[in-house]
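1. give me a 3D structure for the following:
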Amino acid sequence: MRRLLRLFLPHRGRLCLLLALVAGSSVISLAPPFMLREILDVALPERREGLLTALALGMTGVIVVGTALGVLQSYLTVVLGQRVMEDLRIAVYTHLQRMSLSFFTTARTGEIQSRIANDIGGMQATVTTTATSVVGNVTTVVTSLIAMLALNPTLTVLSMAMLPLFAWISRRVGDDRRDVTRQYQQKLAVMSALVEESLSVNGFLLGRTMGRTSTLNREFAGHSRDLTDLAVRSTMTGRWHQSTVSVVLAVMPVAVYWAAGTVGIDGRGPTSIGTVVAFAVLQQALLGPSVSILQIGISVQSSMALFERVFEYLDLPVHVPEPSRPKVLRHPRGHVGFHGVQFRYPGAATGLSDIDIEVPAGGSIAIVGATGAGKTTLGYLVARLYDVTGGRITIDGTDVRDLSFDTLAATIGVVSQDTHLFHTTIADNLRFAKVGATDQELAEVARAAQIHDLIERLPDGYHTVVGERGYRFSGGERQRLAIARTMLRNPPVLVLDEATSALDAHTERLIQEALETLAEGRTTITITHRLATIGDADRIIVMDRGRIVEQGSHPELMALSGRYAAMVGSSRSGRGPGRGAGAG
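-> Okay, here's the model as predicted:
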């Protein structure tokens, strides 16, 4: 609850104004019962037309003012609630952007989407109405209680006697609904993940080609049926208990009328009709808001399950934090150094050990080895997608942990086998690397990446929408678009992670030419299992089980007749180690 209240702190000015309006509206709403008593007891019996007119105008004025305040209150309530939800969505999204790559390799995308969209969306009603409802109802209860005590203390105490019962009922209902809400959101997240995975391009292709469409349909129908059952349970939970409360509320005015007609509500005989009506109205003004406050408690209790799921993400530790005082690389040259680097994935038995590599500015190295040797992990560590667990990695002598993420992104470009394109135009995908890039700049990098002519032949040219994950284009075309995007960013350090893997010979040649253009004048770290593409590297690093086992130029390593020479021999015979995998 404290965390929930802190969400309102940035908007406390608007909140105070809203609460003042709510309190004012609640106080004003108590005037009509007393005006009605004067009409029934004085103006009508005594035929005082002037008083009757004044009271009627007064009641009308109260209604008009109350309505106007209600409209303004509704506007401020909606704005406040939306702003708080906006802040919460941004906080969750921003926090997840700070997570290391390990979080996204274990979390389901549909689960993340469900928590940001469904859970926060479900919290909206509670956040939007809780504060205003509590203040409005509390104000009404207090003022009604004071007015009722003035009319008859004894009957007021009897009216209040039912509130403990109402509170007990509401607490039980709230606990039950909280459990149901938690189950509902968990099931909704599972279904969202199923939709995201099975209706993506890859998921659709897999389901169709494996003949599992009917299985997926049945699985989705099962989740949907469970959601329906949980929704019904949530709605009906405590409904009989709440019906009891409704019956009591409806009977209370009848009890007042009965008491007034027998012994009088003051215990000394019959009471005026105006007083009876006024007391009955005030009684409802007391009990109705009291029950509303308890209903808000039920709503808040139910929403706690949503808050727990959202705050669970906000409480995730950041394993790759941005430095509080980042250092600046004025003119990065691109000298990369690995100094006694150690790394182990959480829960893994083995990892990288004692990695010492120096890559001078403008130089090039190739990292080779069997699948699982640790090649790709080295590339991740350079870009600081993970942090080393021992030793350090430097750029121009500065530890990458001392550089801001913006500086790292501007210094290091990564081209991987798995190219990601957004569902937007080619131009927008390229400009993701450099906002505001001109059309001429786009054309220049596209030509260098050997993709400009293809783009120009498209009906919409650079305004062509690439489709979900770029599946309107072949793997080689997507790869060249990714190379063009990296060229536009113009980083001094380049990490090529299996950038030509799983391509046909013609496409690989085009990609290789584009990569050679991209690598000119840059420090280049090439991670590959295709040994034919790395002969020109200044130095080749051979890895096995997280350690460097050989290093040197191609001729030097061939002369050793060791691990590298064996790999070259195997690749020439078509049995290269790790072929097609490259995930080491």
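2. pull out the buried residues from stretch 520-530.
-> Going by neighbour count (16 or more other CB atoms under 10 Å), the buried part of stretch 520-530 is Arg522, Thr523, Thr524, Ile525, Thr526, Ile527, Thr528, His529, Arg530. Yep, even glycine has a C-beta here, placed from its N, CA and C like the rest.
3. out of those, which sit inside strands?
-> Taking DSSP state E as the definition of strands, the buried residues of stretch 520-530 contribute Thr523, Thr524, Ile525, Thr526, Ile527.
4. nearest to Lys375 among the buried residues of stretch 520-530?
-> Minimum distance to Lys375 across those is 4.6 Å, recorded for Ile527 (CB to CB).
5. can you pull the pLDDT of that closest one?
-> For Ile527, the model assigns a pLDDT of 89.
6. check Met210 too.
-> Met210 is given a pLDDT of 64.
7. list the contacts for the most centrally placed residue in the chain?
-> When CA atoms, centre = their mean is applied to the chain, the residue found nearest the centroid is Ile116 (3.3 Å). By CB atoms under 8 Å, 6 or more residues apart in numbering, Ile116 lies in contact with Arg89, Val92, Tyr93.
8. output the contacting helices and strands for the helix or strand harbouring the second one.
-> If I follow you right, that is Val92. In the assignment (DSSP states H and E), Val92 maps to helix 49-97. Using 3 or more CB pairs under 8 Å, 6 or more residues apart in numbering; DSSP states H and E, the elements in contact with helix 49-97 are helix 12-28, helix 31-38, helix 120-151, helix 273-314.
9. quick one on the thing from earlier: how near is the residue nearest to the centre of the chain to Met85?
-> 11 Å (CB to CB, to the nearest Å).
10. now do the helix holding Val92 against helix 31-38, angle only.
-> Angle between the axes of helix 49-97 and helix 31-38 is 160 degrees (criterion: axes from the mean of the first three to the mean of the last three CA atoms, to 10 degrees).
11. distance between helix 49-97 and the chain's centre?
-> In terms of CA atoms, centre = their mean, to the nearest Å, the centre of helix 49-97 is set 29 Å apart from its chain centre.
12. toward the C-terminus, what is the element adjacent to that helix?
-> Helix 49-97 is succeeded, C-terminally, by helix 101-106 (DSSP H and E).
13. determine how far that next one lies from the middle of the whole chain.
-> Worked out by CA atoms, centre = their mean, helix 101-106 lies 15 Å from the chain centre.
14. which parts of it are buried?
-> Buried residues in helix 101-106 (16+ other CB under 10 Å): Phe103.
15. same check, this time on stretch 51-69
-> Leu52, Leu55, Gly58, Val62, Gly66, Leu69.
16. state the pLDDT value of the last one.
-> With respect to pLDDT, Leu69 has a value of 83.
17. is it true that Thr424 touches Val466?
-> Yes: with contact defined as CB atoms under 8 Å, Thr424 reaches Val466; the gap is 7.1 Å.
18. the two - which one has more neighbours?
-> Val466 (20 against 14; other CB atoms under 10 Å).
19. sec struct for the nearest residue in space to that one that is not next to it in sequence, please.
-> Excluding the flanking residues, the one nearest Val466 by CB to CB, 6 or more residues apart in numbering is Leu421, at 4.9 Å. Of the three states, Leu421 takes coil under DSSP: H, G, I helix; E, B strand; the rest coil.
20. where does Leu421 land on pLDDT?
-> The model's pLDDT for Leu421 equals 84.
21. same deal with Met543?
-> Value listed for Met543 in the pLDDT field: 91.
22. surely it is in a helix?
-> No: read with three-state DSSP, Met543 is strand and lies in no helix.
23. columns distance to Arg14 on top of the buried residues of stretch 520-530, output as a markdown table?
-> Supplementary listing: the buried residues of stretch 520-530 in a markdown table, determined by distance: CB to CB, whole Å:
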| residue | distance to Arg14 |
| --- | --- |
| Arg522 | 51 |
| Thr523 | 52 |
| Thr524 | 54 |
| Ile525 | 52 |
| Thr526 | 55 |
| Ile527 | 53 |
| Thr528 | 57 |
| His529 | 59 |
| Arg530 | 60 |
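24. from those residues, which is closest to Val157?
-> For those, the nearest to Val157 is Ile527 (80.0 Å; CB to CB).
25. help me confirm that the closest one comes into contact with Thr377.
-> No: distance between Ile527 and Thr377: 9.5 Å, which falls outside the contact criterion (CB under 8 Å).
26. returning to what we had before: can you give me phi and psi for the residue nearest to the centre of the chain?
-> Main-chain torsions, Ile116, degrees, to the nearest 10: phi -70, psi -40.
27. Leu96 versus that one, what's the distance?
-> For Ile116, the distance to Leu96 - CB to CB - is 8 Å.
28. again with Asp544
-> As defined by CB to CB, Asp544 lies at a distance of 35 Å from Leu96.
29. ditto for Ala519
-> Distance of Ala519 to Leu96, given as CB to CB: 33 Å.
30. show me where pLDDT drops low in the stretch 401-550 of the chain?
-> 469-471, 500-508 (pLDDT under 70).
31. which residues in it form helices?
-> 405-411, 426-431, 439-448, 452-457, 475-489, 505-519 (DSSP state H, counting those that start in this stretch).
32. for the ones you listed, which one sits closest to Leu5?
-> Ranking the helices of the stretch 401-550 of the chain by proximity to Leu5 (CB to CB) places helix 405-411 first, at 31.8 Å.
33. buried stuff in that closest one?
-> Neighbour count says helix 405-411 has Thr407, Leu408, Ala409, Ala410, Thr411 buried, by 16+ other CB under 10 Å.
34. next one: it to chain centre, how far?
-> On CA atoms, centre = their mean, the centre of helix 405-411 falls 24 Å from the chain's centre.
35. could we number from 26 for the rest of this?
-> In the new numbering, first residue 26, that becomes helix 430-436.
36. residues in contact with that helix?
-> 347, 351, 353-354, 357, 359, 408-409, 420, 425, 428, 514, 516-518.
37. narrow the residues you listed to those in strands?
-> Reading strands off the contacts of helix 430-436 with DSSP E, I get Ile420, Val518.
38. and of the contacts of helix 430-436, the nearest to Gly236?
-> Closest approach between these and Gly236, by CB to CB: Ala408, at 39.7 Å.
39. leaving out sequence neighbours, find the closest residue to Leu43.
-> Nearest one to Leu43, counting by CB to CB, 6+ apart, is Leu101 at 4.4 Å.
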